[in-house]
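S.K.: any chance you can model this:
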Amino acid sequence: MLERETFDKFCTAKYPGFVAYAHLCLRGGDTAWAEDIVQDVLYSVWKRRIFIKWDPANGGGRIQSYCLRSIFNRCIDYLERRKTRMAFDAEESVFLEMAEKYYDPDRNPVIRHLFDQDLRESLDKSIEALPDRTGLVFRLSYIEGLSHAQIASRLGISERTVDWHIYSALQSLRTSLSGV
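M.R.: Down below sits the predicted model:
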C-alpha cells in the first residue's frame, strides 16, 4: 500500500511535469483547467491507494504511467465537452442572429403588423364600448388630435368636462386592455 509520505514526495516531484503535460494536451488552454485535471487524477490515485503496488525501485514508474494516461484521457474528455459546448454555442449564436433578424417586431413588418392589428382591433372594440360622449371626446382628442379647448368649443362643454371624459376613457381603456 502507498504511504502518505511517499505519495507526497511523488506528487511534489511530478506535479509540475504533469501540469505541463496537461497544458500541452489542452492545446495551451487554460492553465487552471490543467491544474484541476492533474489534481483530480492525483486525488483519484490517492483514493485507490490500497489497490496500488508501489515499487520504490523505479520511483513509482507504474503510477507515473497511470497518471499520464489518466491526465491524457481527462484532457480529451474536457476537449470533447468544450467542443460540444462550442458547437451548441455556435448553433445558439446562429439562432439568436436569425431571431434578431427575422423575429424582432421592430425589424419584421409582418410580425409588427400582426401585433398591431390585434392591438388595433382590441382598441377599437374598447373605444366602441365607451359611453357615447366619452368615446366621442376620446376620438376627437387622440385620433383627430384636437386640443381640449377645441373639443370644448366644438361640443359646447367646459374644458373641465373634456378633462373628465378623457380621464374616464383612459381608465376604462386601461381596464379593458390590461390583458392585451
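S.K.: every contact and neighbour count from this point should use C-alpha atoms.
M.R.: Noted.
S.K.: buried residues in the longest helix anywhere in the chain?
M.R.: Secondary structure of the chain per DSSP state H: the longest helix is helix 61-98. Within helix 61-98, the residues scored as buried using 16 or more other CA atoms under 10 Å are I63, C67, L68, S70, I71, F72, R74, C75, Y78, L79.
S.K.: then stretch 13-31?
M.R.: Neighbour count says stretch 13-31 has Y15, F18, V19, A20, Y21, A22, H23, C25, L26 buried, by 16+ other CA under 10 Å.
S.K.: ok, the fourth one - contacts?
M.R.: A20 sits next to A34 when contact means CA atoms under 8 Å, 6 or more residues apart in numbering.
S.K.: C-terminal to the host helix or strand of it, what's the next element?
M.R.: Using DSSP states H and E, A20 falls within helix 4-25. Using DSSP H and E, the helix or strand that follows helix 4-25 in sequence is helix 31-47.
S.K.: need the CA coordinates for that next one. CSV is fine.
M.R.: Output in CSV follows, covering the C-alpha atoms of helix 31-47 (Å, rounded to 0.1, in the frame of the first residue of the first chain):
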residue,chain,number,x,y,z
THR,A,31,-3.7,26.6,-17.0
ALA,A,32,-6.3,26.4,-14.2
TRP,A,33,-8.0,23.5,-16.1
ALA,A,34,-4.7,21.7,-16.5
GLU,A,35,-4.1,22.0,-12.7
ASP,A,36,-7.6,20.9,-11.9
ILE,A,37,-7.2,17.8,-14.1
VAL,A,38,-3.9,16.9,-12.5
GLN,A,39,-5.2,17.4,-9.0
ASP,A,40,-8.2,15.3,-9.8
VAL,A,41,-6.0,12.5,-11.2
LEU,A,42,-3.7,12.6,-8.1
TYR,A,43,-6.7,12.6,-5.8
SER,A,44,-8.1,9.6,-7.7
VAL,A,45,-4.7,7.8,-7.2
TRP,A,46,-4.8,8.6,-3.5
LYS,A,47,-8.3,7.2,-3.2
